[in-house]
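Participant: Sequence and predicted structure are below.
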Amino acid sequence: MRREWATRFNRWRYDLYAPLYDKLAQGFAAQRRRSLSLLNPQPNEQVLLVGAGTGLDLDFLVRCRHVTAIDIAPAMLQQLKARAERLGMAVRVEAMDGQKLEFPDASFDVVALHLVLAVIPDPQACLLEVERVLKPGGRVAVFDKFLADSRRAPLWRQAGNVLARIVATDINRRLGDIVAVTKLQRIHDEEAGFGGFLRIALLRK
């Protein structure tokens, strides 16, 4: 029940944020570009964007011919559709919960999770679903805000996280804890800003 409530809250919250989202998130363009360059999707590969938002990743995927984008917020997807049209891209767009993907097993070659795992109510369920729909040998690019795997959140960060979670995101999740429930291998991990607060990782099935 808690996860369902949190998912409904996210849908409402990001529908509300949709008109302003590009202005708020455009500062992460360099990280998105770097993450997708590591993912290196090929033109004929099946690409899945989970929590695709307004489609800011599409700017770096114009050569890809098989892109599927999902998000929980319909207002965000309306902007994504408009962006895809401006870019001349044929993108399959679906309103869908990233914690319960409505795709068959082994459907995609690559998956991008940009600013998703720190926001979605159950990031472990999300990554398990991504693992399920990923083909053997497939890759996952993760870009998000994480606490270092070896650290515990200090008191000030625990206190700040209460407000952060209401406004947008959890700032105290550890990528290692999320990946640990899967059989995905972390083959690359790098700092992506703010002294390692932002990270980019590449996973492989």
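Facilitator: That came through, no problem.
Participant: need the helix or strand of this protein with the lowest average pLDDT.
Facilitator: The weakest-scoring helix or strand in the chain, judged by mean pLDDT, DSSP states H and E, is helix 155-167 (a mean of 63).
Participant: Quick one: list the elements packing against whichever helix or strand comes after that one.
Facilitator: Per DSSP states H and E, the first helix or strand lying C-terminal to helix 155-167 is helix 175-179. Judged by 3 or more Cβ pairs under 8 Å, 6 or more residues apart in numbering; DSSP states H and E, helix 175-179 is in contact with helix 123-133, strand 185-193, strand 198-204. (Each C-beta comes from the backbone N, C-alpha and C, glycine too.)
Participant: Wait, residue 24 touches residue 53, no?
Facilitator: No - taking contacts as Cβ atoms under 8 Å, residue 24 lies outside contact range of residue 53: 10.4 Å.
Participant: what separates residue 180 from residue 109, distance-wise?
Facilitator: Per Cβ to Cβ, to the nearest Å, residue 180 is found 24 Å from residue 109.
Participant: cool, residue 205 as well?
Facilitator: Residue 205 is 10 Å from residue 109, by Cβ to Cβ.
Participant: now swap in residue 204 and tell me
Facilitator: Counting by Cβ to Cβ - residue 204 and residue 109 are separated by 11 Å.
Participant: between the two, which one's more packed in?
Facilitator: The neighbour count for residue 204 versus residue 109, taken as other Cβ atoms under 10 Å, is higher for residue 109 (19 against 14).
Participant: who does the strand or helix carrying the more buried one touch, helix- and strand-wise?
Facilitator: In this assignment (DSSP H and E), residue 109 forms part of strand 108-114. Contacts defined by 3+ Cβ pairs under 8 Å, 6+ apart place strand 108-114 against helix 29-39, strand 46-50, helix 123-133, strand 134-145.
Participant: from the middle of its chain, how far away would the first one be?
Facilitator: Pointing back at helix 29-39 there. 12 Å (Cα atoms, centre = their mean, to the nearest Å).
Participant: buried sites along that helix?
Facilitator: For helix 29-39, burial by neighbour count (16 or more other Cβ atoms under 10 Å) applies to 31-32, 34-36, 38-39.
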